[in-house]
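Undergrad: Provide a 3D model corresponding to the input given below.
(2 chains)
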Amino acid sequence: MSDLENGAARVRFYQTGTFTVGNRLIDPALRTVQAAPDRPNALTSGHRACQGCGQALGARYVLDAAMRATGGRLVTVNATGCLEVFTTASPESAWQVPWMHSVFGNAAPVAAGVAAALAVKGKQDIRVLAQGGDGGTADIGFGPLSGMFERNDDVLYVCYDNQGYMNTGVQRSSATPPTARTATTPALGAEPGNTFGQGKNLPALAMAHGIPYVATASVADLHDLEAKILRAIPMRGARYVHVDVPCPLGWGHAGDETIQVARLAVESGLFPLFEWQAGAITGRTQIRRRVPVDACLRLQRRFAHLFDGSEASRARLARLQGIADANIERFGLAAEETRS
Amino acid sequence: MKAHEPSDSAVTLDAGSSKVNHTGSWRTERPVYVDRLPPCNAACPAGEDIQGWLYRAEEGDYRGAWERLVVHNPFPAIMGRVCYHPCEGACNRAQLDEAVGIHSVERFLGDLAVSKGWALPAPPVGDAVGKRVLVVGAGPSGLAAAYHLRRLGHAVEIREAAPAAGGMMRYGIPKYRLPREVLDAEIARIIALGVTLRLSEKVDDIPKTMAQDGFDACFVAVGAQIGRRIEMPAPDAARIIDAVTLLAQAASGSGPIQLGRRVAVVGGGNTAIDAARVARRLGADDAMILYRRSWAEMPAHEEEVIEALDEGVTVRWLREVRRFAGPDRIVVEKMALDAERRPRPTGEFEELPVDTLILALGQSVDPTLFARVPGAKCESDGTVDVDGALMTGHPGIFAGGDLVPGERSVTVAVGHGKKAARHIDAYLRGADVADGTKHAPATFERINPWYYGDAPKTVAPMLARARRTAGFDEVHGGLDEASAAFEARRCLSCGNCFGCDNCYGVCPDNAVIKLGPGERYRVDLDFCKGCGLCAKECPCGAIQMVPEDV
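TA: Numbering: from 1, shown residues only, chains lettered A, B, ... in the order given. Okay, the predicted model is just below:
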């Protein structure tokens, strides 16, 4: 049978490609961290995140990969936000990793301080990861984060972007997309929802600082996300990874649609997946099955007003499509089926 | 995580784990792992667990795959060649790219088993039920019944009128579709289980034979072997032969068959196609099929027709043969289809030169056998009435295959053999057949197609090769091992967990527990909030959300 077995090994696995979490037919070393029976579960059960929370999922994906990459020698610093609130209702903690929380806006400088202290003690094998939501990153913590980038502190900063202040009641942040309805941008008037032309593109701002590594990732593409964390962890200096984490509460989709919404954001071009190193785009995840932005937006009640059939709504949809098309053009995402 | 040591420098609380917080209490729905019935399995007349054996073949466990296959069907090498694979017609993958080439993998497994000499699972010893079953007819149905009855612990004797076993697999299916060494090998494997096979022994009176030789039950599967004729004026010198006889003569190789140069075949079924292709092989330059309707109505399988056309067979559509105009000329009438697509005569005639006219108008059952079975009832066409257990009106006498009304194919016959065996066993034990409730169907709507990668262009030639063997033509040969594994791995595993770890990975609450290789998963209801991500992201639709009592 040995000749046959060798033959089987040569055949690539088309049943699921590399898109599922695990794959019983390939070498365990090639499977995702999440597929491992003994994965770290850096964020464990019993946390108070909503049903189908994309951020809870994204944080575990990121931190388990970081734990794998560092052999468990990892310190995390957390900004205020959903992630901190739902994991750490004192005196309980869902973290199974050394974890620190200070105040809303200063995760980046606290992490830089931890890294500096570890350097002083000669423990630079212990890696430092700072994490926050888009509020703590783009708004309240942006000044300190910019400083951390500018000093090129030895920290990997991960932003879980759920596009608003969700646990306080879904208020707009500078990462909320145009037209999205929030508590502070109601779907009323001549310009319903969040306005066009405002807000911050965080990955672009990170790249503008000229730090060593910037990447985007999505909970819809685990293989891609883990590869980026595994690549970023050993690098020295300031690194930034921006993860798209849909929020059933704030976006108004069903809890079981979290991954689907994230996937459609990637497939429509609304959320481009790329890597940037030393001043140039070095990696892009091309779109497998391109869809119009409607497919993604229609699942989210915060965009329901776009589908009222009016001329103005159609124009707004076209404008959002233009944003997606520009992303696809800029990052060269249009090729079909590049992985198998 | 270790709790903090008490400190006198700051007021701290010991950090406990969030695991004391049983968030499962939030749940209104719970995920339940289910097995659904894949469309291939549902479509298989022999009731094969196709998804089950493909799963093993994917891993390169060909022995395990074959063993899983022969639980239901002892003829993989034959099936892979002659079955019309309704499984592939039902395959969900066809909605993504192309159906999985199930028959190619089946044939590969069957040929591998023959070449390796793998034996069928041995019947139980010790637990002898002490019952003896007579099987009349050693065709696919009778052999399958004998195999299953033997495995259920019964003593089985097959009596076959012909000098060799196989029935229509030997005397109906041409060798270019089913080489006889394959047939012989798969039959020998059944006989090796301790089945008694008595050849050239025709049973004329079933109740008498059973009483004389002490049989407790009987399965009759003598097939439908009489080629139908048409009443038509023909000169004595005209050469007319029915297709069944022609195929049997060609198969037994008993002397040369003179068909002449120009042959016409009347009929539109697979037998007509076989007869025309055999005629070509016997030297007819001009083998023409006359069919009274159009291709759309033709009962023959399309791929068979195409292969016949490739081999130079011609078809004249909308032609009904009327009479001979001389020993080597026939008159045909042109037909036209009416609104219901039934053929209507047009009154237009043409003459065609023909050396031999072959009639492939269907086959009838010999009514004399069941005329001597008290209680048994037959249809007007001679087929035998059976109940849901395949039992005739005579208790203890069962019938299947072409002998009973319904679709006629080798695979249907094999399915009848299996079904009859289960019911005969129950009859002999005085028990009911455990009627396994069927799982709900695994429809395409339950598949999450995102997770199935498309085959890249580099492997397209391999794919094409798998497709091409659909012709059963031995000229094309079987799949090599790499292509067979490739085909098996295209299976979507519809409705049945294949261990992809998606549920384990996508749970935001770590509430899915991985039980180890092949052991699947379990939901930790202490922490499952019932979000449903696992069910939504399950590629094959093997998780169902079930409402909680709240």
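
Undergrad: when you work out contacts or count neighbours from here on, use the C-alpha atoms and nothing else.
TA: Fine.

Undergrad: contact partners for residue 86?
TA: I'll assume chain A. Counting by CA atoms under 8 Å, 6 or more residues apart in numbering or on different chains, residue A:86 touches A:47-49.

Undergrad: to clarify, I was referring to chain B.
TA: So residue B:86 contacts B:40, B:43-44 (CA under 8 Å, 6+ apart).

Undergrad: switch to 7 Å and redo it
TA: B:43-44 (CA atoms under 7 Å, 6 or more residues apart in numbering or on different chains).

Undergrad: for chain A, see how far away it is.
TA: Distance, residue B:86 to chain A, by CA to the nearest CA, to the nearest Å: 21 Å.

Undergrad: quick one: the strands in the stretch 401-550 of chain B, in order.
TA: Under the criterion DSSP state E, counting those that start in this stretch, the stretch 401-550 of chain B contains strands at B:512-514, B:521-523, B:543-547.

Undergrad: could you list the low-pLDDT ranges of the chain?
TA: Picked chain A for this. Applying pLDDT under 70 to chain A flags residues A:1-18, A:335-340.

Undergrad: my bad, the chain I had in mind was chain B
TA: For chain B, the ranges with pLDDT under 70 are B:1-13, B:126-129, B:435, B:454-478.

Undergrad: quick test: name the residue nearest the centre of it.
TA: residue B:411 (4.0 Å; CA atoms, centre = their mean).

Undergrad: list the contacts of that one.
TA: Residue B:411 sits next to B:45-46, B:83 when contact means CA under 7 Å, 6+ apart.

Undergrad: between these, which is closest to residue B:419?
TA: residue B:46 (8.8 Å; CA to CA).

Undergrad: quick check: closest non-adjacent residue to that closest one.
TA: residue B:415 (3.8 Å; CA to CA, 6 or more residues apart in numbering or on different chains).

Undergrad: how many neighbours does the one you found have?
TA: 25 (other CA atoms under 10 Å in any protein chain shown).

Undergrad: which ones are touching it?
TA: For residue B:415, the contact set (CA under 7 Å, 6+ apart) comprises B:45-47.

Undergrad: burial count for the residue lying closest to residue B:441 once chain neighbours are set aside?
TA: Of all residues not flanking residue B:441 in the chain, residue B:37 sits nearest, at 4.7 Å (CA to CA, 6+ apart). Residue B:37 is flanked by 20 other residues according to other CA under 10 Å.

Undergrad: try residue A:119
TA: Using other CA under 10 Å, residue A:119 is surrounded by 14 other residues.

Undergrad: cool, and the one 10 residues further on?
TA: Residue A:129: 28 surrounding residues under other CA under 10 Å.

Undergrad: from chain A, how far off is residue B:392?
TA: Using CA to the nearest CA, residue B:392 is found at 46 Å from chain A.

Undergrad: rewinding a little: right, so of the strands of the stretch 401-550 of chain B, which gets closest to residue B:173?
TA: It is, among the strands of the stretch 401-550 of chain B and with distance given as CA to CA, strand B:543-547, at 43.7 Å.

Undergrad: spatially central residue for chain A, please.
TA: Short answer for chain A (CA atoms, centre = their mean): residue A:243, at 0.9 Å.

Undergrad: tell me which helix or strand that residue sits in.
TA: Element membership for residue A:243, per DSSP states H and E: strand A:239-244.

Undergrad: contacts for that strand, please.
TA: Strand A:239-244 is contacted from outside by A:155-162, A:203, A:206, A:211-219, A:232, A:262, using CA under 7 Å, 6+ apart.

Undergrad: tell me what the helix or strand following that strand is packed against?
TA: Using DSSP H and E, the helix or strand that follows strand A:239-244 towards the C-terminus is helix A:258-268. Other elements packing on helix A:258-268 under the criterion 3 or more CA pairs under 7 Å, 6 or more residues apart in numbering or on different chains; DSSP states H and E are helix A:293-297.

Undergrad: send over the helix it packs on as CSV, restricted to the C-alpha atoms.
TA: C-alpha atoms of helix A:293-297 as CSV (Å, rounded to 0.1, in the frame of the first residue of the first chain):
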residue,chain,number,x,y,z
VAL,A,293,-21.4,46.0,-2.1
ASP,A,294,-25.2,45.5,-1.8
ALA,A,295,-24.6,41.8,-0.9
CYS,A,296,-22.6,42.9,2.1
LEU,A,297,-24.7,45.9,3.2
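
Undergrad: ok now the top helix by length along chain A, how far from the chain's centre?
TA: For chain A, the helix that runs over the most residues, judged by DSSP state H, is helix A:311-331. Here helix A:311-331 is found 22 Å from its chain centre; the criterion is CA atoms, centre = their mean, to the nearest Å.

Undergrad: stretch B:59-68 too?
TA: So, by CA atoms, centre = their mean, the centroid of stretch B:59-68 is 18 Å from its chain's centroid.

Undergrad: residue contacts, the residue nearest to residue B:441?
TA: Counting by CA under 7 Å, 6+ apart, residue B:37 has contacts B:439-442, B:495.

Undergrad: one more pass at 10 Å, please.
TA: Counting by CA atoms under 10 Å, 6 or more residues apart in numbering or on different chains, residue B:37 touches B:43, B:49, B:51, B:438-443, B:494-496.

Undergrad: quick check: it vs residue B:537, distance?
TA: Note on residue B:37: its distance to residue B:537, by CA to CA, to the nearest Å, is 19 Å.

Undergrad: tally of neighbours for residue 48?
TA: As the question left the chain open, I've gone with chain A. Neighbours of residue A:48 using other CA under 10 Å come to 22.

Undergrad: my bad, chain B
TA: Quick note: residue B:48 (other CA under 10 Å) scores 21 neighbours.

Undergrad: need the three-state assignment for residue B:348.
TA: Residue B:348 falls in the strand class when you classify it by DSSP: H, G, I helix; E, B strand; the rest coil.

Undergrad: isn't it up against residue B:321?
TA: No - between residue B:348 and residue B:321 there is no contact under CA atoms under 10 Å: 11.9 Å.

Undergrad: the more surrounded of the two?
TA: residue B:321 (23 against 9).

Undergrad: checking my notes, the more buried one in a strand, right?
TA: Yes - the assignment for residue B:321 is a strand, going by three-state DSSP.

Undergrad: so in terms of bridging, what pairs with the nearest residue to it once chain neighbours are set aside?
TA: Excluding the flanking residues, the one nearest residue B:321 by CA to CA, 6+ apart is residue B:332, at 4.3 Å. Beta bridges link residue B:332 to residue B:321, residue B:350, judged by DSSP bridges.
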